[in-house]
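Q: When you get a sec, could you give me coordinates for this:
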Amino acid sequence: MNPKMQELPRLSSKEKVILELLATNISMYGLQLVAQSHGKLKRGTVYVTLGRMEEKGFILSEPEKLSDHSGLVPRRMYRPTPFGLRVLEIWMQLAQKFAWEAGQ
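A: I've put the predicted structure just below:
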């Protein structure tokens with residue numbers, strides 16, 4: 001068995017924000033994520049976080065599809081993987097469970 005698969009996946013607060021945004025928007029580029037995060041993500045760290053998330057298998061990226069004659073440089077578009085969405089779902093369930101238990 002792959003040693004990485006034996007570890008529980010970790011989800012930082014920035015990774016959680018990114019997965020939440022991608023879960024509702026399907027595909028976004030880095031600066032779009034920063035703008036939609038309402039201050040939770042910063043320009044200087046978003047691409048480092050996206051790279052780490054891609055290594056973990058939470059997201060995938062590909063160049064934006066542009067016409068050949070646009071003259072623009074394609075942006076990297078990011079989208080969640082099924083694994084990333086599952087990690088987010090489980091994290092949200094655990095957070096809800098702990099919030100409920102703390103309120104008792």
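
Q: Quick check, Phe83 in contact with Leu60.
A: No - using C-beta atoms under 8 Å, Phe83 makes no contact with Leu60, being 10.2 Å away. Where you see a C-beta, it was placed from the backbone N, CA and C, and this is true even at glycine.

Q: Kindly confirm my reading that Leu41 is in a strand.
A: No - counting by DSSP: H, G, I helix; E, B strand; the rest coil, Leu41 is not found in a strand; it is coil.

Q: if you skip the residues just before and after it, what's nearest to it?
A: Nearest-residue entry for Leu41: Val34, 4.8 Å, with adjacent residues in sequence omitted and distances by C-beta to C-beta, 6 or more residues apart in numbering.

Q: Now the terminal residues of stretch 78-87, how far apart.
A: One end of stretch 78-87 to the other measures 17 Å (C-alpha to C-alpha, to the nearest Å).

Q: Can you tell me what sits against it?
A: 9, 11, 18-19, 22-23, 26-30, 33, 50, 53-54, 56-61, 88 (C-beta atoms under 8 Å, 6 or more residues apart in numbering).

Q: Also stretch 50-70?
A: Under C-beta under 8 Å, 6+ apart, the answer for stretch 50-70 is 9, 11, 15, 18-19, 22, 29-30, 33, 72, 74-81, 83-84, 87.

Q: Average pLDDT for the helix ranked longest in the chain, rounded please.
A: The single longest helix within the chain, with elements called by DSSP state H, is helix 82-102. In this model, helix 82-102 has a mean pLDDT of 86.

Q: Only the buried residues of it, if you could.
A: Within helix 82-102, the residues that count as buried by 16 or more other C-beta atoms under 10 Å are Gly84, Val87, Leu88, Trp91.
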